[in-house]
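In: When you get a sec, could you give me coordinates for this:
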Amino acid sequence: MEKINLPKTLKNNNHITFFAIAVVLFWIKTYAAYQIEFKLGIDNNLQKFLLFINPLSSAFLFFGIALLFKKHVKLVMIIINFLLSFLLYANIAYYRFFNDFITIPVIMQTKTNAGQLGDSAVSLMSPLDIFYFSDFIILIILALTVFKKVTVQTRKSFKIVLLFSITVFLFNLGLAEKDRPQLLSRSFDRNYLVKYLGAYNFTIYDMIQNIKSSSQRALADSSDITDVENYRKANYAKPNPKYFGKAKGMNVIYVSLESFQNFMIDYKMPNGQEVTPFLNSLAHDGKTFYFDNFYHQTGQGKTSDAEFLMENSLYPMSQGAVFVNKAQNTYQASPAILKGLGYNSAVFHGNYKTFWNRNVMYKALGYDQFFDAEYYDMSDENIKNYGMKDKPFFKESMPMLESLKQPFYTKFISLSNHFPFEMDPQDTDFPAGDYGDTVVNQYFQSAHYMDQALEQFFNDLKKDGLYDKTVIVLYGDHYGISENHNEAMAKVLGVDKITPALNAKLQEVPLYIHVPGVKGGVQHQYGGEVDVRPTLLHLLGVDTKDYMEFGSDLLSKDHRNWALFRNGDYVSPKVIQVSDKCYSTNTEELLPDNSSCKDIDEKVKTELQMSDEVVYKDLLRFYKPEGYTPINPDDYEYLGPKGTTKATGTEAP
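Out: Predicted coordinates:
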């Protein structure tokens, strides 16, 4: 092979040449990823420019570190390239489903959930993704050929590069603050941070935020709860006397409908088949409250966030999951509140107790028993995706449910309707969709299967007499079809395209509340998962005025008529706010200015800030509601079917 001769200037400083090539290749690759993989909502030329330059400061900083390693500069630079490339690709794969970016708490969650995400992760990858490691491969080739003898003679190069990196970053941040004031202090949306500062700078920011979060708890004291308490009292929605206490003393069953969105209700396939005939019948039977403007409010914790919202009436974290990152906090959750009224509580879940750190978090919530995968027949024909299929799950749960002392407060977490929604052929003969997208096509089959499993469960409840003395709450936990499938979803909905406002509407999930002996019907008021706890507790005759919660009773005459999202967007009957832009709810068109959205926007920002104060600072440890008996998580232990349940002292079934 003929030796390639570098120009004399480059030969004398070939570590700088190698460094420059690494930076340029990495810059091009990252910018290409921004354009190909991420939907960041670029609105003007300044944002286009910022997106173009924001990888530079990170590239100079991280690759510059290699210049400190004189003899091993190539090796260190290649290792740094691989690590940054891996971080970029991890964000790409994560974004393809969640439309979000990986945070430090999410990385911590992989320790808890590792090994159970295989099918979903593989389905998000493509052979063409090798492009995101192409610069890594090129650098190795160059290091072994053209730049075989690269060394650094002085550390002066590092100082110059570091100074340049800081200068570029400050220039970048200054322009970003001009376009988006208070970017770092008031942004609830990671898309903004990546758009303005870049994926790598966002990771640095995220690390700083997590350190800050830890210090917030350490520095908090009892006086910090005062502002929250005053806010809570000013925004309390008192119970509707028509419904207050109508379910007093009844059992409670929650069912989490995995990834189930509201557009499925009453949806028919081209051949006229209903996808969810049983859920459709509940929506229109007049005996069940069905809320058709109800929204999920989850963050990165997805299903676990929905659980947290439903049982604590607090918002989840903006980054990571409360179940993993704040499981040691003090909570005053529904199971603990109802324990004082003689309720026994239990969770039924066809996955193992460590998934989402539930074996720790449920103790903090006050659950007496946890029937996890150890209690079920987890043979191959019974499992799919993240655990047990819904039909055998509900069937095998019935004897355990019947064994509970009444009144009970229980939760069932379904699993079958989970991304990528692929079904075993023997489990369904329902036709797949035909919308040019495998994930969307399979969604109809898995949703139909879940609907059948729910009908089976309801029939079993009726057979053993529990149906007539139990409040049943069904709720969609979070979206199933992400924005990455909007082209197919436009076909599903029969529209030209999915507008930002319509995408917000697609975050609707169903909420059903069946109260024996109480007339129901379709309810059009707007609300979210945070509103369910006060609604349920008021039905059970528990006034929540003294509890630190942020929900508003959906059946109250004082109910606020809007629902916020974790990123600060919101929906209401008249206007929808998405990424600080105001849209008409009816027409979905962009309004000429944001004045119509300003009033609710301020309430949304304040509410999220107040909830974050409670969660990040663990403020409930300083507050005891009147009549509430605190629980001690150490009193609970979930030992499995052959052990004893420490909280009750009874043999587990």
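In: now Y526: how far from N240?
Out: As for Y526, its distance to N240 is 17 Å (criterion: C-beta to C-beta, to the nearest Å). Using the backbone N, CA and C atoms, a C-beta is placed for each residue, glycine as well.
In: more crowded one of those two?
Out: Applying other C-beta atoms under 10 Å to Y526 and N240 shows that Y526 carries more neighbours, namely 23 against 18.
In: Does the more buried one touch Y570 like I think?
Out: No - taking contacts as C-beta atoms under 8 Å, Y526 lies outside contact range of Y570: 9.2 Å.
In: so what's in contact with those two at the same time?
Out: Shared contacts of Y526 and Y570 (C-beta atoms under 8 Å, 6 or more residues apart in numbering): W562, A563.
In: for the nearest residue to F260 once chain neighbours are set aside, what are its contacts?
Out: Nearest residue to F260 in three dimensions, chain neighbours excluded: G476, at 4.0 Å (C-beta to C-beta, 6 or more residues apart in numbering). With contacts defined as C-beta under 8 Å, 6+ apart, the neighbours of G476 are L257, S259, F260, Q261, N262, H296, V509, P510, L511.
In: mind showing which ranges of the stretch 551-653 of the chain have poor pLDDT?
Out: The stretch 551-653 of the chain contains residues with pLDDT under 70 at 642-653.
In: 50 - rerun?
Out: In the predicted model of the stretch 551-653 of the chain, residues 644, 646, 648-653 satisfy pLDDT under 50.
In: How many residues are close by M125?
Out: Count around M125 with other C-beta under 10 Å applied: 12.
In: how would you label it: helix, strand or coil?
Out: Classification of M125 using DSSP: H, G, I helix; E, B strand; the rest coil returns coil.
In: distance of the residue lying closest to it once chain neighbours are set aside from F457?
Out: Nearest non-adjacent residue to M125, counting by C-beta to C-beta, 6+ apart: A93, 6.4 Å away. A93 is 34 Å from F457, where distance means C-beta to C-beta.
In: Between those two, point out the one with more neighbours.
Out: Each of A93 and F457 has its neighbours counted (other C-beta under 10 Å); F457 has more, 24 against 21.
In: Can you list phi and psi of the more buried one for me?
Out: When read as degrees, to the nearest 10, the backbone of F457 gives phi -60, psi -50.
In: quick one: Q297 and D569 touch, right?
Out: No - counting by C-beta under 8 Å, Q297 sits too far from D569 to count as a contact (10.5 Å).
In: wait, N503 sits on V578?
Out: Yes - checked against C-beta under 8 Å, the pair N503 and V578 is within contact range at 7.4 Å.
In: So the two - more neighbours on which side?
Out: Neighbours were counted for N503 and for V578 using other C-beta under 10 Å; V578 has more, 22 against 19.
In: show me the contacts for the more buried one.
Out: Applying C-beta under 8 Å, 6+ apart, we find V578 in contact with P500, A501, N503, A504, D569.
In: Could you rerun that using 7 Å?
Out: By C-beta atoms under 7 Å, 6 or more residues apart in numbering, the residues touching V578 are P500, A501, A504, D569.
In: Over to S157?
Out: I16, L67.
In: could you dump the helix or strand hosting it to PDB, C-alpha only?
Out: Assigned by DSSP states H and E, S157 belongs to helix 156-179. The C-alpha trace of helix 156-179 is given here as PDB (Å, rounded to 0.1, in the frame of the first residue of the first chain):
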ATOM      1  CA  LYS A 156      -1.400  23.900  25.000                       C
ATOM      2  CA  SER A 157      -3.700  22.500  22.300                       C
ATOM      3  CA  PHE A 158      -6.100  21.400  25.000                       C
ATOM      4  CA  LYS A 159      -6.300  24.800  26.500                       C
ATOM      5  CA  ILE A 160      -7.000  26.400  23.200                       C
ATOM      6  CA  VAL A 161      -9.700  23.800  22.300                       C
ATOM      7  CA  LEU A 162     -11.300  24.200  25.800                       C
ATOM      8  CA  LEU A 163     -11.500  28.000  25.400                       C
ATOM      9  CA  PHE A 164     -13.000  27.600  21.900                       C
ATOM     10  CA  SER A 165     -15.600  25.100  23.200                       C
ATOM     11  CA  ILE A 166     -16.700  27.400  26.000                       C
ATOM     12  CA  THR A 167     -16.900  30.400  23.600                       C
ATOM     13  CA  VAL A 168     -19.100  28.400  21.100                       C
ATOM     14  CA  PHE A 169     -21.300  27.200  23.900                       C
ATOM     15  CA  LEU A 170     -21.900  30.600  25.400                       C
ATOM     16  CA  PHE A 171     -22.600  32.000  21.900                       C
ATOM     17  CA  ASN A 172     -25.000  29.100  21.400                       C
ATOM     18  CA  LEU A 173     -26.700  29.700  24.700                       C
ATOM     19  CA  GLY A 174     -27.000  33.500  24.200                       C
ATOM     20  CA  LEU A 175     -28.800  33.000  20.900                       C
ATOM     21  CA  ALA A 176     -31.000  30.300  22.400                       C
ATOM     22  CA  GLU A 177     -32.000  32.500  25.300                       C
ATOM     23  CA  LYS A 178     -32.900  35.300  22.800                       C
ATOM     24  CA  ASP A 179     -35.300  33.000  21.000                       C
END
